[in-house]
Each structure stands twice: as structure tokens, then as C-alpha cells.
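>>> fold the following for me, if possible:
(chains A and B)
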Amino acid sequence: MDDAGVDPMSAVAAEARRDAASLPTLLSVRALSKVFVRGEREVVALDRVSLDVADGEFVALLGPSGCGKSTLLNIMAGLADFTSGEALYRGQAIRGANTRVGYVTQSDTLLPWRTCQGNLELPLEIRGASKEERRERTARYLSMVGLAGSESHYPGELSGGMRKRLLLARSLIYDPECLLMDEPFGALDAQLRLSMHEVLQRIWMETGKTIVFVTHDIDEAVSLADRVVVMSARPGRIKTIERIDLPRPRDVYRGRYDPAVVAYQTRLFDALDKTGEADGPC
Amino acid sequence: MTGESEVLLPRVAAAAGGAQRDWRGIGWRLAAGVILLGLWQAAAVAVGTIYVATPVQVAVRLVDWFASGMIFIHLAATAQQMVIGILIGTSLGVVAGLLLGRLPTVAAIVEPYLYMIYSLPKAAMAPLFILWFGIGLTSKIVLVCVVVFFLTFYNAYRGARETDRQLIDAVRIMGGSRRDLFVKVIAPSAVMWVIAGVRLSVPYALIASVIGEMIAAKAGLGFLIMRASQQFDTVGIFAALTILMLVSVALEPLITLVERRSAVWTTLGSTR
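Predicted structure coming up:
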């Protein structure tokens, strides 16, 4: 708390709410805190974080390791609990796994004993889709991510990039209104990552889904997002929120050479810099 | 997709290269084999054939056994005991392991007792089973079954407990119910552990079978060894041991073959 009078936390929180005020809110966290005890120390993973994500928005959570961005995403997904505050999805408290979202993480959660087709069909099976619908949808989403023809291959036979695309397709195939992504392209080489940005941007523009995207890569955040939420570590807080007013569709490949883009990147870089060292894991 | 070099990895692991090297190696191996046989012959002569049969004697006996066909009766007996015991033991072990893996409270209660029985060398239970089930195949089948059960049970149990947390989370988000999770994620994931358990249990099944036969049986490799020993038929002992060794060696590639057929995806590269 700042003795001079203005509470920086509330200022940021107010801006978070103001930005999204014009559109209906899909996801909302209010004064969200998560504290856990490790050995004898108390670790504050999230410290009174407040954020509203509007319907159809593309929001990036940007920050160094340990700033709580993944924790925040997991709370939104209903996979993690929290100590105090609120987490709401369409105005209702998130309880248990949030089945209205799609969830893509860094790690490979494909089922190795199922083929690509089988993996894609899994969410549809769970939701009781008919055989025809399953077949039609898997074909459509496979070609959407450029994997047509790989139906009967097992994940073990695919390269890393192909598996990531399959994971993306799987998170989309049951048409969730919101997509939560935790550094999904982190392990890919630069060229492949850019092409995945292109795919993601196209899908977002065509479907109007809400996307919350966690990353530590400034270029990625500026390239994809409407708003970038910069977080600081230890304790995990929102430092600032930057609105990215670049026209769409954005050139994901050559964007980095555009002065307007560079200006945003520099601002975000400076914002990150001032939050202190990102030292070892918390 | 623009400018990507996608690689579809080969379905079968690349054949081992170095054929050139193997060919020269084979020459050396054969030479070493001949030398070993020579040493064996010398040892037999030196110590006396009552203790060590010569390679020639063993070869003659083996030819006799195969020609008369009597060896197949004994091979069949041992094999039958192993196969039936493995099938039953694995089935029971997998079911029990998967169930207890997902019922942690029941498992915690029962665990120490299971551990006690597991720690007991099964060979020591052979006389008990023979008392209960007679000297025919049944007692040996039960013995193999018990041995295999515990091995596959523990593997299935761990497999069910240690299913990748992230896989479970991912499927929960998709809307998977508890039943979905069990049937679609936990059980298949445990299959990997189960396969490892079955793999492990095959040589133990052979041991159990042979030991059971040595104690009391009407046929089998263990029976052959014991009968030869009681008749001071050293050649017979050596011949039976040779067959046993060949069977043990042949088991490994056989298991791999079955494994490959039944679960292609386990032989593929890592998915991480």
C-alpha cells in the first residue's frame, strides 16, 4: 500500500474493469489471493489480483516465472483453489473443473494409446456426440490445423509441432466459448511458433472466442492480444495492463519490424524490467 | 502450413545398422563358442563324467529325446502350466490392482497383509499347493498363478495410482465424469504398467513352474531334472538344464513379439 494516498492495487483494478466495461464480462477475478505454505515459508502466489475478461477478448498474461500467471489460469479453469477473493465465470463462482472452457498447456496431454482421430474424438465421446458428428468434426478440425491425413497415426509418431496442433484442435473441437492457454507454443521452434500464431489468430477472428493466453514472450503477447496484463512476481500481482491497438489481422511474421509494434514491445519490456529480478523458481 | 518441414516418424524403429560389424563379430563369437565347448569337454574328462557330462554325451541325449518325441510331453507340461497360470494370474492381478488403485482407503487397510504374502518366497508355498491340489498340473498352475498375480497386481496398482495428473485434469476440463476418467484414462494408462508387470512375471512363472515340478510332478522340465538326479543320470541333468536354458532365452523375444502386436503405441517414440 502506498502511503501517499493512492492504492496502486485499486488503480490497476479500476483500469482492468474500465477497459472491459463496454463488453459483457465472461471471466472475472476480484481481489483473488492464493497463499500456500512451503516448509516454514509462506508463499504468496497471487496477491489480490483483480481482472475482468470481456466476451470475445484476447487477453495475454505476461510475466516472468513465478508471477502467478499459470496459477491464475488454473484457477480460471477450476483446477486450482485459492485462499480469498472471487473467481467468476459468467457471474457464477467457478466450482470444480470448468467444462465450458478449452484448456491447452505446455505439457503433452494427448493420450498415447489413441490415434489422432481417437484423441480428437475424446471430448466429443464424453459429450455424447453421434458417430457421424464425431467423424465430421474431427475431419474439419484436423484440416483446420493442417493435420488432414494423420487420422490413424499415434501421437508417438508425430513431431512436436504436429502434436501441439493436435492439442489445439482438441481444445477447440467441442466449441468452448473460452480458451485458456498456458504457454502452449513455448517448446516449439521460432518458425513453427509463428505459424501457430497465424492459425490461432485466424481461429480467433473467425469464431470470436474469448482467449486467455499465458506467456513470458513479449513478442507473442503483442502479436496476438487485445490487452496484455503484465504481472510481477513474488508476490504475484498485476503490475499494469496495456491495450494493444493494432489493426487486425496482424502480420505475425513481419510484425516485429513494424515501428508501432516495436513501440508496444518496448513499453512492455520496460514494464517487465521494473518489476525486479526474475530469479529462481518460487 | 507455410515453410514447415514436418516429419512423420517411422512406425517401426529403424533397423540396427552396422551389419558389417556384426558379421565380423559373428566370426569371433563362433570361435569363442568352440573354445568354450572345448573347455567343457576338458573339464568333464578331468573331473569325471559322473559330475560333469561331456558336450558330446549331452548332444546325443538331446537328439534321442527329440527323435523319440518324449521331450515334447515335458515341454508341453511346463508350457501349459506357465501359460494358464500367467493368463489367470494376470487377469486377477490387473483387476485387483486397478480396483485397489482407485480405492485408496481399502488399499491402505489391506496393503500390509498383501505385502506379507508378497514377501513370502512363493517356492516355499509349492509343497502346500501340492498337498491341496495333487501332483498333477493343477498345483503348478496355482503356484504360477500366485506368483504372477502379485507381480502384475503391484504394477497395475501403481499404474492406476500414478496416472499422469495432467492427463486427468485435461480430461476433466473436457467434461469427463469419474467413470469417463477411469475407463478412458486411468485404465489404459495402467496398461503400460501392466505390460511391464507381465513382462517381469514370465521368467518368474518359469521358475515357479520348474520348482513345483521338482518337488512333485508327473511331467515337465523340473520333473526331468529331478528324475535324472535321483537316478544319478548326470547326462540327463545336463540335457534337461540345456533345454531349460534354451527355453529361458527364447522367452524374451517371444514376449517382445506379443507386446508389439498387442500395443503398437508402446513401442513408438516418447510422446513428450
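>>> nearest to chain B: which residue in the stretch 151-282 of chain A?
Going by C-beta to the nearest C-beta, chain B is nearest to A:Gly156 of the stretch 151-282 of chain A, at 3.1 Å. In short, each C-beta sits where N, CA and C put it, glycine included.
>>> how about the helices in chain A?
Along chain A, the stretches classed as helices by DSSP state H are A:8-19, A:69-76, A:116-126, A:131-144, A:160-172, A:190-207, A:218-224, A:259-273.
>>> put the alpha carbons of stretch A:184-194 into CSV.
Taking Å, rounded to 0.1, in the frame of the first residue of the first chain, the C-alpha atoms of stretch A:184-194 are listed here in CSV:
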residue,chain,number,x,y,z
PRO,A,184,1.3,-23.7,-25.5
PHE,A,185,3.9,-22.8,-28.1
GLY,A,186,6.8,-22.5,-25.7
ALA,A,187,8.6,-25.6,-26.8
LEU,A,188,8.3,-25.0,-30.5
ASP,A,189,11.0,-23.6,-32.7
ALA,A,190,10.6,-20.0,-33.8
GLN,A,191,9.2,-20.6,-37.3
LEU,A,192,6.7,-23.1,-36.1
ARG,A,193,5.6,-20.9,-33.3
LEU,A,194,4.9,-18.1,-35.7
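>>> buried sites along that stretch?
By neighbour count with 16 or more other C-beta atoms under 10 Å in any protein chain shown, stretch A:184-194 contains the buried residues A:184-185, A:187-188, A:192-194.
>>> try stretch A:127-140
A:127, A:129, A:134, A:137-138.
>>> residue nearest the centroid of chain B?
B:Val202 (1.4 Å; C-alpha atoms, centre = their mean).
>>> tell me the helix or strand right after the helix or strand containing that residue.
Assigned by DSSP states H and E, B:Val202 belongs to helix B:187-215. On the C-terminal side of helix B:187-215, the closest following helix or strand by DSSP H and E is helix B:221-230.
>>> spell out which parts of the stretch 51-200 of chain A neighbour chain B.
Proximity of the stretch 51-200 of chain A to chain B (C-beta under 8 Å from any C-beta of the partner chain) is limited to residues A:77-79, A:97-99, A:101-103, A:105, A:107-113, A:122-123, A:125-127, A:146, A:150, A:153-159, A:161-163, A:174, A:191-192, A:195, A:199.
>>> now with 7 Å, please.
Counting by C-beta under 7 Å from any C-beta of the partner chain, the residues of the stretch 51-200 of chain A close to chain B are A:77, A:79, A:97-99, A:101, A:103, A:105, A:107-113, A:122-123, A:126-127, A:146, A:153-157, A:159, A:161-162, A:174, A:191-192, A:195.
>>> ok, of the residues you listed, which come out buried?
Among those, those classed as buried by 16+ other C-beta under 10 Å are A:77, A:79, A:97-99, A:101, A:103, A:105, A:108-113, A:122-123, A:126-127, A:146, A:153-157, A:159, A:161-162, A:174, A:192, A:195.
>>> now the strands: where do they sit in chain B?
Using DSSP state E, chain B contains no strands.
>>> let me know how buried B:Met70 is, in neighbour terms.
When neighbours are defined as other C-beta atoms under 10 Å in any protein chain shown, B:Met70 has 13 of them.
>>> and stretch B:147-161, what's buried?
Neighbour counts over stretch B:147-161 (16+ other C-beta under 10 Å) mark B:147-157, B:159-161 as buried.
>>> relative to A:Val230, how far out is A:Arg237?
A:Arg237 is 10 Å from A:Val230, where distance means C-beta to C-beta, to the nearest Å.
>>> hmm, I was thinking of B:Gly136
For B:Gly136, the distance to A:Val230 - C-beta to C-beta - is 77 Å.
>>> the two - which one has more neighbours?
Shown here are B:Gly136 and A:Val230; by other C-beta under 10 Å, A:Val230 has more neighbours (26 against 15).
>>> enumerate the residues of the stretch 51-200 of chain B near chain A.
Proximity of the stretch 51-200 of chain B to chain A, by C-beta under 7 Å from any C-beta, involves residues B:166-167, B:169-170, B:172-176, B:180, B:184-185, B:188, B:191.
>>> that older thread, Throw the buried residues of stretch B:147-161 into a markdown table and include pLDDT, thanks.
Shown next, in a markdown table, are the buried residues of stretch B:147-161 (pLDDT from 0 to 100):
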| residue | pLDDT |
| --- | --- |
| B:Val147 | 91 |
| B:Val148 | 92 |
| B:Phe149 | 92 |
| B:Phe150 | 89 |
| B:Leu151 | 87 |
| B:Thr152 | 88 |
| B:Phe153 | 88 |
| B:Tyr154 | 84 |
| B:Asn155 | 84 |
| B:Ala156 | 83 |
| B:Tyr157 | 83 |
| B:Gly159 | 78 |
| B:Ala160 | 77 |
| B:Arg161 | 76 |
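>>> between these, which sits nearest B:Leu120?
Among those, B:Phe150 lies closest to B:Leu120 (C-beta to C-beta), at 9.6 Å.
>>> from B:Ile117, how far out is the closest one?
Counting by C-beta to C-beta, the gap from B:Phe150 to B:Ile117 is 7 Å.
>>> same question, B:Gln57
Separation of B:Gln57 from B:Ile117 (C-beta to C-beta) stands at 43 Å.
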